[in-house]
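Participant: Output the structure for:
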Amino acid sequence: MTVFTETTRERAREIIARYPADRSRSALLPLLHLVQAEEGYVSPAGVEFCAEVLGLNKAQVGAVATFYTMYKRKPTGDYLVSVCTNTMCNVLGGQEVYDSLAEHLGVGHDETTVDGKITLEHAECLAACDYGPVMTVNYDFFDGVDPQTAVGVVDELRAGGRPMPTRGARLCTLKEMAVQLAGFADEREGAVADGGPGEPSLRGLRLAQQHGISVSGFDPNTPIRSKAEADKAAAEAKAKAEAAKPAPAEAVAAPVKGGDGASTPTGTSDTAGDARAAAAAGVAANAPAADRKPAGDDAGAQQRNLNEAKAGTDADGANPGDASETGGQK
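Facilitator: Numbering: from 1, shown residues only. The predicted structure follows:
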C-alpha cells in the first residue's frame, strides 16, 4: 500500500483549509488530483487517503473518482495524448489522426505504450472546434494536426523531448500537471508563458471591424476597475435604486356590506409582511445540511412514518394504500 509523503499530507491540509469547516467535502476534487500527482493515477490507496483526511467512506470517494475522466484509475503514461474525434474534428480528419497514432504506438484507447511514456485516448469535444483537428498532451493543445505532425509529437516525447504546444507553456508530465490542477503553482522554469489568442478565435472581431459593427457606448480605453472600486460602485448603485423605490402602499381589505347595506371596512392586511415572515420561518426551519448529513436523512421521521402506516392498517388486514381503489365504494 502506498504511504503518501509528508509533503502530500501538508498539501492536503492546505487544500482542506481553503474551504469552510462544514464544507470540507468540497476539497475532494483537488485532493484527487493531489494523489494522482504522487502516483500517476488514483489508486485504491489514494481513494483511502482522501477518505481518511475528509472523514468520508471509500465508496463516496470512489463514486467521484470514477465519474470524472481526468482521474485515471490505472497507471497512466508520463504523457496523456488525447485526440478529439467528435463531430467537427472528425470531419476535419481527427479519426485519421487517432488511427495513425494507434497504429504507430501499438496501443488502443486508454492503453499505455510498453515504455510507459504515452497513454492514448479518444476524447470528446476539446472545446477548440475552430482549431480542429486538435489533440492535447496533458491538456495542452496542439492545433490543426494531421497524422504526420501527430506522430512527430509522440516520437519527440518518447525520445525525451518536450515539443512546444500551439498555445501555452512548455509541456509537463501528467504528474506535474496534476499538481497544478490541485491548485499549486508550477515552479519549473518556463512553466508559465504568455500567449495571445489564435486567429480563428479572433475571426468574429475581425468581421465586426471590417463591417463597422460595434457595441453602442463601448469605449475600449475604459480602465478596468479594481475589485474594491467595482464593489463600491455596485453598493452605491444599489443604494440609489433603493432610495428611488416608492414607499409600499398599505394593503386595505375590500369593504364588507353591513346589514343595512352600508359598507364597513374590515381593517388592513400587511400581505407583503406576512409573506416575508413566512419565508423567514421557512428558512429557519430548514437549515442547510452539512456535508456529513444529507438533507432529509432523519431516522426518527422515517420510523414515525412507518409506525403511522402500521397503525393505519385496517382491522381486516387491508393495506391503507388500497384506499385509492376502494374509497369510492366505502
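Participant: Okay, strands next: where are they in the stretch 1-150 of the chain?
Facilitator: Counting by DSSP state E, counting those that start in this stretch, the stretch 1-150 of the chain has strands at residues 79-84, 111-112, 118-123, 135-137, 140-142.
Participant: Using JSON lines, lay out those together with mean neighbour count.
Facilitator: The C-beta positions use only the backbone N, C-alpha and C, and glycine is treated the same way. Formatted as JSON lines, the strands of the stretch 1-150 of the chain follow (neighbours: other Cβ atoms under 10 Å):
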{"stretch": "strand 79-84", "mean neighbour count": "24"}
{"stretch": "strand 111-112", "mean neighbour count": "18"}
{"stretch": "strand 118-123", "mean neighbour count": "22"}
{"stretch": "strand 135-137", "mean neighbour count": "24"}
{"stretch": "strand 140-142", "mean neighbour count": "20"}
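Participant: I'd like those as JSON lines, with mean pLDDT and distance to residue 54 appended.
Facilitator: Putting the strands of the stretch 1-150 of the chain into JSON lines (pLDDT from 0 to 100; distance: least, Cβ to Cβ, whole Å) gives the following:
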{"stretch": "strand 79-84", "mean pLDDT": "95", "distance to residue 54": "26"}
{"stretch": "strand 111-112", "mean pLDDT": "93", "distance to residue 54": "30"}
{"stretch": "strand 118-123", "mean pLDDT": "93", "distance to residue 54": "28"}
{"stretch": "strand 135-137", "mean pLDDT": "94", "distance to residue 54": "30"}
{"stretch": "strand 140-142", "mean pLDDT": "91", "distance to residue 54": "30"}
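Participant: Counting neighbours, what do you get for the residue lying closest to residue 130 once chain neighbours are set aside?
Facilitator: In this structure, residue 130 finds its nearest non-sequential neighbour in residue 200, 3.7 Å apart by Cβ to Cβ, 6 or more residues apart in numbering. Look at residue 200: counted by other Cβ atoms under 10 Å, it has 14 neighbours.
Participant: Check residue 88 too.
Facilitator: So residue 88, with other Cβ under 10 Å, has 16 neighbours.
Participant: One more: the one 10 residues further on?
Facilitator: A count of nearby residues for residue 98, using other Cβ under 10 Å, gives 27.
Participant: No further queries at this time; thank you.
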